[in-house]
Structure formats: structure tokens, C-alpha cells
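Undergrad: Got a predicted structure plus its sequence, pasted below:
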Amino acid sequence: MLSIVIISKNEEEYLPRLLKSIKDQDYKDYEVILSDADSTDSTRKIAKEYGCKIIKGGFPSIGRNNGAKIAKGELILFLDSDVVLPNRFLRTNISEFKNKKLVTATPIYKPITDKTIDKFLYKVYNTWAKATQYFYPHSAGFCIFCKKEIFNKLKGFNEKILMAEDHDFVNRSKKYGKFRILYNKPILVDIRRLD
């Protein structure tokens, strides 16, 4: 089973798009846990409509850790609320993850935009991440696959780190096995971070 842990804070604009993309996947052996940091909009209502388990969140590390603590799956997928999974994303990436015998992984990132500059910036990042994956792995927290047993050994994300806790997490994971980039199916990323 796959446990999908989504962190949120007032994500009524973006969350429905993500949850629909999860529901439309051809891989169905999953649970969805929304770790919500006291949203004041309709984020929780939307999550309930999609059948998510809703728990108390906080800063990103706290939210991810809280979600993973109740996860039933042997594999966890950490997501932010503003990403979108293309068709066959789960099946394709889980298969690649298992075939490569990984402990943590992230896919290629593809921005949801028509702007050339945004596409260029993501291409630069993807190239850099591919080059460093073997000795100094990096991953954005908006999409990390991790074996639950490895999450437990790492004691989760470092809650004292407020920025780059995601990079710290995957970098520490290499102590227990391989981190790699998943090449076959990219994740679609909203560019609001750049805007």
C-alpha cells in the first residue's frame, strides 16, 4: 500500500486539482492523509469530500512527520497541495522505485506554465539534481517517495530546520540505501513559488 501525505494551509484553490489527479490514477492501492496547518478556508471540507484522513499539521516538517506517523503503507509519497499527478504517475514511479531498489526518490519536475524562463529554470534544476543524485542528493519536499521503514530510521524530517528540510531528509537517507531521480513520469509543479 502507498500512503500519500499532503501538507496544506489554506489550499482551497489548488487542493481539488491535486486530489482529482490522484483519484484519476490507474493505481488504486493507496490512502490519502491531509496534514493541515489550521486552514481557515474550505481546504478541510474539500479533503473530506475526497475521503482524505485529516490530521493536525504545522510547519512542513511537522506536517509531514505527523502524516507519516499514521501512514499504513510501506511506501510514503510526500506531496504539497499545489502539484498535479499526470496519468499513470503512481504506477510508473512506484515500479521504477522498486526496480531500482531505492529507499528515497523524486521524479523530474515539470512546471505548469507557458513561460520560457520558468521552463528553463526547472530544466537547469533537473540537470543539477540528476548530476548530484549519486553523492549529494537533493529533492524538493513537494514530491518525495520514501520507504516507511527508512522514514522511521531517520526519525522523519528534522523539525528544527525551517528551510531545506527536504534536502536534509533525502541526504540523510543515503546512509540506508539509494536515493535516485525517477525519469519515466515527471510531476507537474505549480510555479507560484517563482512568481
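TA: Great, that's in hand.
Undergrad: residues contacting the residue lying closest to Y183 once chain neighbours are set aside?
TA: In this structure, Y183 finds its nearest non-sequential neighbour in I108, 6.3 Å apart by Cβ to Cβ, 6 or more residues apart in numbering. All C-beta atoms are positioned from the backbone trio N, CA, C, and that covers glycine. For I108, the contacting residues are N126, I181, L182, Y183, P186, I187, by Cβ atoms under 8 Å, 6 or more residues apart in numbering.
Undergrad: could you flag which of these are buried?
TA: The neighbour count (16 or more other Cβ atoms under 10 Å) marks N126, I181, L182, P186, I187 as buried among those.
Undergrad: so which helix or strand takes in the second one?
TA: Taking DSSP states H and E as the criterion, I181 maps to strand 178-190.
Undergrad: pLDDT on that strand, on average?
TA: Averaged across strand 178-190, pLDDT comes to 97.
Undergrad: same question, stretch 75-90
TA: Here the average pLDDT along stretch 75-90 is 98.
Undergrad: Then stretch 117-125?
TA: Mean pLDDT, stretch 117-125: 93.
Undergrad: now swap in stretch 44-64 and tell me
TA: Stretch 44-64 comes out at a mean pLDDT of 97.
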